[in-house]
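In: Pasted the sequence and its predicted model underneath.
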Amino acid sequence: MSKPDLFDMTGKVALITGASRGIGESIARTLAAYGAHVIVSSRKIEGCEAVASSIREDGGSAEAYACHIGEMDQIEAIWEHIQTTHGKLDVLVNNAAANPYFGPIEDTDLGAYHKTVDVNIRGYFFMCARGAQMMKKAGGGSIINVASVNGVNPGHYQGIYSVTKAAVISMTRSFAMELGQQKVRVNALLPGLTDTKFASALTSNESIKKQAMAHIPMKRVADPEEMAGTVLYLASGASSYTTGTCINVDGGYLTI
């Protein structure tokens, strides 16, 4: 007897922000490998096109589109592009994030505050809102917000970043509650410490890294590829009755 492929993404259109490297790139490659057409987005078109070209060379379907989600006009532009080019969006992965300040929370300056909030809260919120509007018209879809374990347990010297990631968790649940009947599912991925350029302030500092390892039962840093399987699950039919959920992929960090 043949078995249905619950993870088949053939015919689906997926937008991944912050996809020019790290976790976002791994997500884009994985969704494309399972048949989705992926829109690789980030602030700079060169990095996006490099990833999209590589996916196409591997036999996948991909395009590049530059978008800085900290800028409202760029958010509106990417949704207009998707509507004009594809007429629908099945999957939105909000992965782009800002974390410009590492230091005592009380010393956070206004510029770093605004940059972090504008991308991680305002950007995510209006990307979710526009995605929901398009998905409702098409009969449904899946939104996945990449939050962080720092949204549950604040990271040392990562105060405003942790605050914004807690907001993403609340935002995910709020959108999920209101959109459930419209067949738009909204879930979140909470990565633990992952070996990316974004987290290099932590992973490249041996003292900080050693402290982090003491709180991770698996005693290692994650590879970006280890985040993609959870997003594939949340994007696909395998998770058809899953919404409002925040999945920790953290080597056990939040169990301690």
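Out: On my side now, so go ahead.
In: C-alpha from now on. contacts and neighbour counts both.
Out: Will do.
In: What is the burial count for the residue lying closest to Gly18 once chain neighbours are set aside?
Out: Leaving out its chain neighbours, the residue that sits closest to Gly18 by Cα to Cα, 6 or more residues apart in numbering is Ala96, at 3.9 Å. Neighbour count of Ala96, defined by other Cα atoms under 10 Å: 25.
In: Surely Ala96 and Thr17 touch.
Out: Yes. Applying Cα atoms under 8 Å, one finds Ala96 in contact with Thr17, separated by 5.1 Å.
In: Show me the common contact partners of those two, please.
Out: Both Ala96 and Thr17 are contacted by 24, 42, under the criterion Cα atoms under 8 Å, 6 or more residues apart in numbering.
In: what separates the longest strand belonging to the chain from the chain centre, distance-wise?
Out: In terms of residue count, the longest strand belonging to the chain (DSSP state E) is strand 184-191. Relative to the chain's own centre, strand 184-191 is displaced by 8 Å; criterion: Cα atoms, centre = their mean, to the nearest Å.
In: Listing partners with orientation, what would you give for that strand?
Out: strand 141-146 (parallel), strand 246-249 (parallel) (DSSP bridges).
In: Tell me which of those sits most buried.
Out: Across the strands paired with strand 184-191, averaging neighbours per residue (mean count of other Cα atoms under 10 Å) puts strand 141-146 on top, at a mean of 28.
In: Just the mean pLDDT for that strand, thanks.
Out: Averaged over strand 141-146, pLDDT sits at 98.
In: list the buried ones in the helix or strand following that strand?
Out: Where DSSP states H and E defines the elements, the next helix or strand beyond strand 141-146 is helix 159-179. Buried positions in helix 159-179, judged by neighbour count with 16 or more other Cα atoms under 10 Å: 159-173, 175-176, 179.
In: Would you point out which residue is most central in the protein?
Out: Geometric centre of the chain, nearest residue: Asn95, 2.6 Å, by Cα atoms, centre = their mean.
In: Where does the prediction get shaky in the stretch 51-200 of the chain?
Out: 198-200 (pLDDT under 70).
In: If we use 50, what do you get?
Out: Residues of the stretch 51-200 of the chain meeting the criterion pLDDT under 50: none.
In: can you tell which of the strands paired with strand 184-191 is closest to Val184?
Out: Counting by Cα to Cα, Val184 lies closest to strand 141-146 out of these; the figure is 4.8 Å.
In: Now do the closest one against helix 159-179: the angle between them, please.
Out: Here the directions of strand 141-146 and helix 159-179 differ by 160 degrees (axes from the mean of the first three to the mean of the last three Cα atoms, to 10 degrees).
In: burial of Pro104, as a residue count?
Out: For Pro104, the neighbour count with other Cα under 10 Å is 12.
In: Isn't it up against Gly155?
Out: No. Using Cα under 8 Å as the test, Pro104 is too far from Gly155 to be in contact (10.9 Å).
In: Burial check on Gly56, number of neighbours?
Out: That one is not Gly; residue 56 is Arg. For Arg56, the neighbour count with other Cα under 10 Å is 14.
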